[in-house]
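Enquirer: Dropping a prediction and its sequence here:
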2 protein chains.
Amino acid sequence: MSDAEDFSDGEPCSLREVLGLVGDKWTMQILVRLTDGPRRFSELEHGIEGISRRMLALTLRNLERNGLVTRTVYAEVPPRVEYAITPHAAELDEPLHALSAWASKHRAIVGEARRAYDATKAS
Amino acid sequence: MSDAEDFSDGEPCSLREVLGLVGDKWTMQILVRLTDGPRRFSELEHGIEGISRRMLALTLRNLERNGLVTRTVYAEVPPRVEYAITPHAAELDEPLHALSAWASKHRAIVGEARRAYDATKAS
DNA sequence: CCGAATCCGCCTAGATACTG
DNA sequence: CAGTATCTAGGCGGATTCGG
């Protein structure tokens, strides 16, 4: 199935690689939730606003495939499945927070830049 | 025109905001090139592997709109247009390098995780 | 040289319904 | 509860063409 970048080549642009892993619409939000501890499928489904069951499943599959999340099935009734972050993904926490901090700091400036730009273009 | 997130709401998830700004296919690569200094349109076009003229123009427009890049037109013949990074975007450099470092460190592990996962699924 | 406009194929997310 | 299967529409990106 799909596979944006291979992670098998030499040294292209590491940035794009990370983005290929966590840069999509839902991955980050899942990762953030899992930093607090393991979560069940339905916990994630209800906790993340607007995500569909399909996208949650697909995104979790990818995370699992890339070794960023582990999937544990408990043989119970009713069935229970827990997802947990791996140590590797946990190390993403700091860089991600740095990015988040940038957004918080520059949010107002970006908003103002947009208004200014749109105003001049409103011919 | 399009506008994923508004930057006008209270405090949703800053991460998604940054990703909305620089998380697409080309923005990062353009930004990285511009950290070395101002570049012309055609310099970027030829320097970035695989980008189309259309996508370069669109991506630059967005960067300009968000106040991350400035566009300067020189009244010459032939016409010359230079793009430069703004101080705000320059501050993205460090967080981005942190992400890049993560990718370099975990590249092998991710690759191995994928092979392992795909192997077990090759039923 | 720098872009805007148009056309168009592909991918992907969303909705919905079904299974273990 | 925790997924999978199928269908469809809309966005995105590439190619091409025209304008400043």
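Expert: All right, it came through fine.
Enquirer: What average pLDDT does the host helix or strand of A:Ile109 get?
Expert: For A:Ile109, the enclosing helix or strand under DSSP states H and E is helix A:93-121. The average pLDDT within helix A:93-121 is 92.
Enquirer: How about it and DNA strand C, any contact?
Expert: No. Under the criterion of Cβ under 7 Å from any atom of the strand, helix A:93-121 makes no contact with DNA strand C; the nearest approach is 9.5 Å. Backbone N, C-alpha and C define where each C-beta goes, glycine included.
Enquirer: Can you list the helices and strands that that helix packs against?
Expert: Helices and strands touching helix A:93-121, by 3 or more Cβ pairs under 8 Å, 6 or more residues apart in numbering or on different chains; DSSP states H and E, are helix A:27-34, helix B:14-22, helix B:53-65, helix B:87-90, helix B:93-121.
Enquirer: Give me the angle between it and helix A:14-22.
Expert: 100 degrees (axes from the mean of the first three to the mean of the last three Cα atoms, to 10 degrees).
Enquirer: Same list, the helices and strands packed on helix A:93-121, but as a markdown table with mean neighbour count please.
Expert: A markdown table is the format used below for those (neighbours: other Cβ atoms under 10 Å in any protein chain shown):
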| stretch | mean neighbour count |
| --- | --- |
| helix A:27-34 | 20 |
| helix B:14-22 | 21 |
| helix B:53-65 | 16 |
| helix B:87-90 | 16 |
| helix B:93-121 | 16 |
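Enquirer: could those helices go into TSV alongside distance to DNA strand D?
Expert: TSV is the format used below for these (distance: least, Cβ to the nearest atom of the strand, whole Å):
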stretch	distance to DNA strand D
helix A:27-34	12
helix B:14-22	10
helix B:53-65	4
helix B:87-90	19
helix B:93-121	10
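Enquirer: picking that back up, now the helix holding A:Ile109, how far from the centre of its chain.
Expert: 19 Å (Cα atoms, centre = their mean, to the nearest Å).
Enquirer: again with stretch A:87-98
Expert: The chain centroid and the centroid of stretch A:87-98 are separated by 11 Å under Cα atoms, centre = their mean.
Enquirer: Give me the residues contacting it.
Expert: A:22, A:28, A:31-32, A:34-35, A:63, A:67-69, B:15, B:94-95, B:98-99, B:101-102, B:105-106, B:109-110 (Cβ atoms under 8 Å, 6 or more residues apart in numbering or on different chains).
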